[in-house]
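# Sequence first, then the predicted structure:
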Amino acid sequence: MKAVFLDYTGTIVQERGPEIEQVVMRIYQNSRIPTPKDALALWWTRLRQYEEQSFGEAYQTEDQLVDRILSEFESEYSLRDHLAELHALIQAFWSGAPLFPDVREFFEQCPVPIYIISNNGRVYVEKALERHRLAPAGIITADMVGFYKPHKEIFEKALSVSGCAAEDVLHIGDSYTSDVLGARAAGIRSLLIQRTAGSKYPDASVVRSLPEALFHI
């Protein structure tokens, strides 16, 4: 292996934090959505759906998708809140979500350059990595190419930035659809990280931690 491609949300940083928790509670409390769990599930379902549909000339940034979803919650579920405040909290989450405990060890011990591939906007990923004092060899984000994972174009951009051939890199991520299938579409070998017991994918190579992934490099 000449390089590692590493997913961001769910792999480097956790999908939780005070900002996103506040957003979920406010959406639940100020709308007709039955429970906080429903609000969170609805949020992630729509975001993933719109990311997959958003590419090429129809591409919309994560910020645009957030505005779209909040507006839909307002019209469909009678959300009554300050939408700009909710959006600002989500932006704070993107750049301030907590690291997983095993990330620093991986960065310190990885023998090849690490490139981050993320659906989040570049400015937020850069802020987060600076805040956490992590220095990857490069950052490739959806807004650089106009395609979100699992579209292969974002992986092909990472290959171009790294100067590596597909057979010379390993991609690690927590989503079977976005990371495993996306990398596979670009001819890149992948590892699925599942830190806790999750769904089983017989055709995916699974690791339980980032340090465990070092044995595959």
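Structure's in. What do you need?
# What count of nearby residues applies to the nearest residue to Thr141 once chain neighbours are set aside?
Nearest residue to Thr141, sequence neighbours excluded (CB to CB, 6 or more residues apart in numbering): Arg122, at 4.2 Å. Every C-beta, even on glycine, is put in place using the N, C-alpha and C of the backbone. Arg122 has 15 neighbours, counted by other CB atoms under 10 Å.
# The one 4 residues further on now?
Number of residues near Glu126 (other CB under 10 Å) recorded here: 15.
# For the host helix or strand of it, name the packing helices and strands.
Using DSSP states H and E, the element containing Glu126 is helix 122-131. With contacts defined as 3 or more CB pairs under 8 Å, 6 or more residues apart in numbering; DSSP states H and E, helix 122-131 has these neighbours: helix 83-96, strand 114-118, strand 138-141.
# chain center to the last one, what's the gap?
From the chain centre to the centre of strand 138-141 is a distance of 12 Å (CA atoms, centre = their mean, to the nearest Å).
# which secondary structure elements does it contact?
Looks like strand 138-141 contacts strand 114-118, helix 122-131, helix 152-162 (3+ CB pairs under 8 Å, 6+ apart).
# now the first one against helix 152-162, angle please.
Taking axes from the mean of the first three to the mean of the last three CA atoms, to 10 degrees, one finds strand 114-118 and helix 152-162 inclined to each other by 150 degrees.
# Strand 114-118: partners in the sheet, and parallel or antiparallel?
In the sheet, strand 114-118 lines up against strand 3-7 (parallel), strand 138-141 (parallel) (DSSP bridges).
# Would you mind finding the most buried of the ones you listed?
strand 3-7 (a mean of 25; mean count of other CB atoms under 10 Å).
# if we can go back for a sec, my read: the residue nearest to Thr141 touches Ile139, true?
Yes. Arg122 is in contact with Ile139 according to CB atoms under 8 Å; the separation is 6.1 Å.
# who touches the closest residue to Tyr148 other than its chain neighbours in this structure?
Nearest-residue entry for Tyr148: Glu51, 4.0 Å, with adjacent residues in sequence omitted and distances by CB to CB, 6+ apart. Applying CB atoms under 8 Å, 6 or more residues apart in numbering to Glu51 gives the contacts Leu65, Asn119, Ala142, Tyr148, Lys149.
# Val161 now?
Applying CB under 8 Å, 6+ apart, the residues contacting Val161 are Tyr115, Gly138, Ile140.
# Ser190 versus that one, what's the distance?
Val161 sits 18 Å away from Ser190, going by CB to CB, to the nearest Å.
# same deal with Glu156?
15 Å.
# what about those two, which has more around it?
Ser190 (23 against 18).
# quick one: the more buried one and Ala183 touch, right?
Yes. Using CB under 8 Å, Ser190 is in contact with Ala183, at 4.1 Å.
# what do those two both touch?
Contacts common to Ser190 and Ala183, judged by CB under 8 Å, 6+ apart, are His171, Gly173.
# For the closest residue to Tyr176 other than its chain neighbours, give me phi and psi.
Of all residues not flanking Tyr176 in the chain, Tyr201 sits nearest, at 5.1 Å (CB to CB, 6+ apart). Main-chain dihedrals, Tyr201, degrees, to the nearest 10: phi -120, psi 100.
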